[in-house]
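Participant: Sequence and computational prediction follow.
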Amino acid sequence: MGDVALVAPVVQAITAQYPNARLTLVTRPKFAVFFGQFPNVDVVGVDFDGLYKGLPGLYRLFGELRQRHRFDMVVDLHQNLRSAVLKNLFRLAGVPAVTINKGRAEKKALTRKHNKIRRVLPHSVERYAQTVNRANLAVQPSPEFRFQVFKEAENELSAFLASQSLLPNVPWLGVAPFAQHPQKMWPFNRFGPLLTRVLDHQPTQIFLFGGGGAETEQLVALQKQVPSAIVVAGSLSMAAELALMQRLSGMVCMDSGNMHLSVLSGVPVVSIWGATHPDTGFGPWGQGSEAVVQIPVDQLSCRPCSVFGNKPCWRGDLACMNDISVDTVTERIIALLSRGSGI
């Protein structure tokens, strides 16, 4: 989800700098909300697990896209098996294509166990822009990008908030404790003490973000420790969640999709990093070191051990996460809230 959301600033740059260009953007249906604000963009939501599954499904999609528009260029920003098949079908039909350079060799050198080559790699947004540039569309995405909030989402959010007991005149803090892989998640049992300390410092309205039944159950259990917190997971559409994020004073999160959505909503974050590292190009775009909590690599030289956090900890103790204390994260949150004006 985060990878797809980070395409949005590049799409905005294209539509702003080339208002006569017409784009067709192919993605999963649930991600279409990230691109509804742009003019001249035809968002095609594709169910790759249903009608468009496998090679027959991709060939069907190729035919339907060709019936939809005449294409001058294909830009592959994903570089996976599906996009490669679709791209090559267009090439066979005479449509040129460009493909993102994901910097796999550089990332492997940065994350390997021994003899790491440490350097700050281009951010994903920059890589997307570089790919578009090679399609002869010179773009410069703006760090000031913000998702647009639509009236329907505002109405949904207003109805949800009206049903809650909100603390008056306090900052609003989002908390998104989950990520795709365990190596990217701070121990969940620390969030109760963390939020208790934040509330002891100052009254704050806390919103708990997540997705899926198992995560929602964990958040409900956390809410029992912090009764004033509101569980957002499972209650709002993606569009309404984005509308809520834009009202937050800050977001506490992992290296996750919710981090990227918060940043693209203009929200300062406190992101907690373990097996992964912002230097691989997935950090909070446009925000500085104050947005990242991590064990320095000179203290834990095995970091980062993975680009995506999907590799088991070879030490066996996940020190990169377990050694980040509640006090450290609390201090960073308090500093964030002190910088903002609240709600």
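Facilitator: Alright, I've got the coordinates. On a predicted model such as this, the values are computed, not experimentally measured, just so you know. Numbers count the residues shown, from 1 in each chain.
Participant: my guess is residue 43 contacts residue 33, does it?
Facilitator: No - between residue 43 and residue 33 there is no contact under Cβ atoms under 8 Å: 9.1 Å. In short, each C-beta sits where N, CA and C put it, glycine included.
Participant: Return every residue with contacts to both of the two.
Facilitator: Common contact partners of residue 43 and residue 33 (Cβ atoms under 8 Å, 6 or more residues apart in numbering): none.
Participant: so who does residue 196 touch?
Facilitator: Residue 196 neighbours (Cβ under 8 Å, 6+ apart): 225-226.
Participant: so it is in which element?
Facilitator: helix 191-201 (DSSP states H and E).
Participant: And that helix, how far out from the chain middle?
Facilitator: What separates the centre of helix 191-201 from the centre of its chain is 25 Å, taken as Cα atoms, centre = their mean, to the nearest Å.
Participant: Could you do stretch 319-327 as well?
Facilitator: So, by Cα atoms, centre = their mean, the centroid of stretch 319-327 is 22 Å from its chain's centroid.
Participant: Pull the residues that contact that stretch.
Facilitator: 183, 185-187, 190, 193-194, 197, 272-275, 293-295, 300, 302-303, 313.
Participant: ok, now with 10 Å
Facilitator: 182-187, 190-197, 254, 272-277, 293-295, 297, 299-300, 302-305, 309, 313, 317, 331 (Cβ atoms under 10 Å, 6 or more residues apart in numbering).
Participant: ranges for the strands of the stretch 51-200 of the chain?
Facilitator: 74-76, 97-99, 172-176 (DSSP state E, counting those that start in this stretch).
Participant: out of those strands, deepest packed?
Facilitator: strand 172-176 (a mean of 25; mean count of other Cβ atoms under 10 Å).
Participant: need the next SSE after the helix or strand encompassing residue 243, C-terminal direction.
Facilitator: Counting by DSSP H and E, the element that carries residue 243 is helix 238-245. Going down the chain from helix 238-245, the next helix or strand is strand 250-254, by DSSP H and E.
Participant: Flag every buried residue along whichever helix or strand comes after that following strand.
Facilitator: Past strand 250-254, further along toward the C-terminus, the next helix or strand under DSSP H and E is helix 257-263. Within helix 257-263, the residues scored as buried using 16 or more other Cβ atoms under 10 Å are 257-263.
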